[in-house]
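Enquirer: Sharing a model that was predicted from the sequence below.
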Amino acid sequence: MMKRLGSLLATAALALTGCETTITFDPFAFPEVAVEASWTADGFRADQAGCGAIGVQTVRLDVFDGAGNFVGSAPQLEANCAAGGLATVPLLEGGTYFFELVGLDAVGTIVASSGTTDPVTAFPGDVIAITGLDLIPNGQPFFDPFGLPEVSIDALWTVNGFMADVGTCAAAGIRTVRIDVFDTTDGIAVSSAALEAPCEAGGLIATDLLRAGIYVFNVRGLDGAGVVIAESGFTPEIEAFAGETFEVDTNLAPMGTVPFDPRGADVNVNGSWTINGFLPDLALCQDAGIATVRLTVFDATLTEAVDFDLPCEAGAFAEVFRADVFFTQWTALDPAGTAVTVPAPEPPEELNITAVTTANLAPFEILVDLGPPTLEITLSFENTFGAMDFTTCAGAGVDTIGFELSSNVEGLIDSQFGLPCQDTIVLDNAPPADYTLGSVTADGIDGTKWGPDAACATVGAFPTFAEDAGTVVQYDCFLLIDP
């Protein structure tokens, strides 16, 4: 009977040697272990739409040996991305492996990857079940320092400049110390149980925990309720290679003696904004005169704050905060950095994220005056009598047109007859009103005449509203051949 192994994404520790050897291991030589895998596409269901959105057609599961060396793949480990999963017959030799799922486009170029899984050891007859794989498009941030355990951490800390012991920790109210790992000071924080210890321990050693690389650390002191009350602040960037050790030596100071920073490893915080009810793009942001949307995050006492400045066209905010109580406020800024909206809400809104893993901020609704809209009427002319096929001035052979444009506010606005044919009638800066197009006529070079169909005659009213500000309101008018 085969024994099924659980998800490989569970935390596991594996001691690796730092020796470099020539890889001769063939994991497919003795087919003893089957493989099953499932995946998502950038966090969404791996169906035709989800895979198509990130440009992935085929997925391939790459195999690495216990030392993290790539040892190959096999046709059985490839599948259509939209399948969402694969299962093989016994394929691999028993042993310890890492895996990485890569996404290939139609020409076989790698355009997405999952990052390397935790290691797993499988014995003959086992089934390796790999779940939780998410294909992240190349170019998007993906930070997994625990994907390949090859670097250790040796950390020491003091409390308010004194040796960390029962007395100094109790005086500061610190029970537990946690080390958060960042790729940069603007990056996402991650941690693990291996990076936590009692404050009075004064330090910790975590062997073979992180992937080799360059990281920034922040050592944080938590009270009995798990609330961060002290921290070291960001360390300089520290680099370590495979087999080496990160040495982190810091001092824990009460919150407020180091720059306030809400970021942590606990809660995903998301936010979004609109302009006059529309999702922003670069053109709308420019029309509105907005370059930056600023989210200001205050501490629980409203005495300290940090600003997160986002490009207006991004339309969304995403960050990982520590579990704590904060207050938030939005502001829109012009290219010079001057506020074009008052801070909202006022007073700042409480954000209590002590008991959640995901939090969504109330949307920031930006209202700006973009000026009146433009009214654009498109004329289409029947090309063949009774056929209801319509075309342009040139296509139908129209020589001149005539029309009257009125509104219920200004009365008659424009009256044109004998005008060289044109396919559109445009009224710039149209204030909110009901507009009516009447007396529409057209004459052809060959004597053919056109008049408006019933729809154009009876539904020739164009209501425009404040939310259409800065936009183009379009209307189509079809003209029939007069027999």
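Expert: Structure received. Residues are numbered from 1 along each chain as shown.
Enquirer: what sits against the residue nearest to Pro90 when sequence neighbours are not counted?
Expert: Once flanking residues are discounted, Pro90 sits nearest to Pro31: 4.4 Å by CB to CB, 6 or more residues apart in numbering. C-beta here means a position set from N, CA and C on the backbone, and glycine is covered the same way. Residues in contact with Pro31 (CB atoms under 8 Å, 6 or more residues apart in numbering) are Val89, Pro90, Leu91, Leu92, Glu93.
Enquirer: Bridge partners for the fourth one, pull those for me.
Expert: Listed by DSSP bridges, the beta-bridge partners for Leu92 are Val33.
Enquirer: What's the separation between it and Leu252?
Expert: Distance from Leu92 to Leu252, counting by CB to CB, to the nearest Å: 46 Å.
Enquirer: that older thread, is it possible to mark the buried ones in the contacts of Pro31?
Expert: The neighbour-count criterion (16 or more other CB atoms under 10 Å) marks Pro90, Leu91, Leu92, Glu93 among the contacts of Pro31 as buried.
Enquirer: List the backbone torsions phi and psi for Thr168.
Expert: phi -70, psi -40 (degrees, to the nearest 10).
Enquirer: ok, now which ones touch it?
Expert: Thr168 touches Thr158, Val159, Asn160, Phe162, counting by CB under 8 Å, 6+ apart.
Enquirer: Select from these the one having the most neighbours.
Expert: Counting neighbours by other CB atoms under 10 Å, Val159 leads the contacts of Thr168 with 25 neighbours.
Enquirer: what sits opposite that one in the beta ladder?
Expert: Where Val159 sits in a bridge, its partners, by DSSP bridges, are Phe162, Leu252.
Enquirer: Tell me which strands the helix or strand hosting Ser415 pairs with, and in which orientation.
Expert: Taking DSSP states H and E as the criterion, Ser415 maps to strand 411-420. The pairing partners recorded for strand 411-420 under DSSP bridges are strand 398-407 (antiparallel).
Enquirer: Would you confirm that Gly66 contacts Pro119?
Expert: Yes: using CB atoms under 8 Å, Gly66 makes contact with Pro119 at a distance of 6.4 Å.
Enquirer: Settle it for me: which of those two has more neighbours?
Expert: Shown here are Gly66 and Pro119; by other CB under 10 Å, Pro119 has more neighbours (22 against 17).
Enquirer: got the phi/psi numbers for the more buried one?
Expert: Residue torsions, per degrees, to the nearest 10, at Pro119 are phi -70, psi 150.
Enquirer: so it makes contact with Ala67?
Expert: No: the pair Pro119 / Ala67 is not scored as a contact, 9.9 Å apart, by CB under 8 Å.
Enquirer: now the helices for this structure?
Expert: With DSSP state H as the criterion, the chain has helices at 48-53, 166-172, 282-288, 393-396, 454-458.
Enquirer: quick check: mean pLDDT across the shortest one?
Expert: Right, the one you point to is helix 393-396. Mean pLDDT, helix 393-396: 93.
Enquirer: now do the second one
Expert: Average pLDDT, helix 166-172: 87.
Enquirer: repeat for the last one
Expert: Computed over helix 454-458, the mean pLDDT rounds to 61.
Enquirer: now swap in the first one and tell me
Expert: The predicted model gives helix 48-53 an average pLDDT of 74.
Enquirer: Sketch out the low-pLDDT regions of the chain for me.
Expert: For the chain, the stretches with pLDDT under 70 are 1-24, 43-44, 49, 139-144, 186-188, 256-259, 454-455, 457-472.
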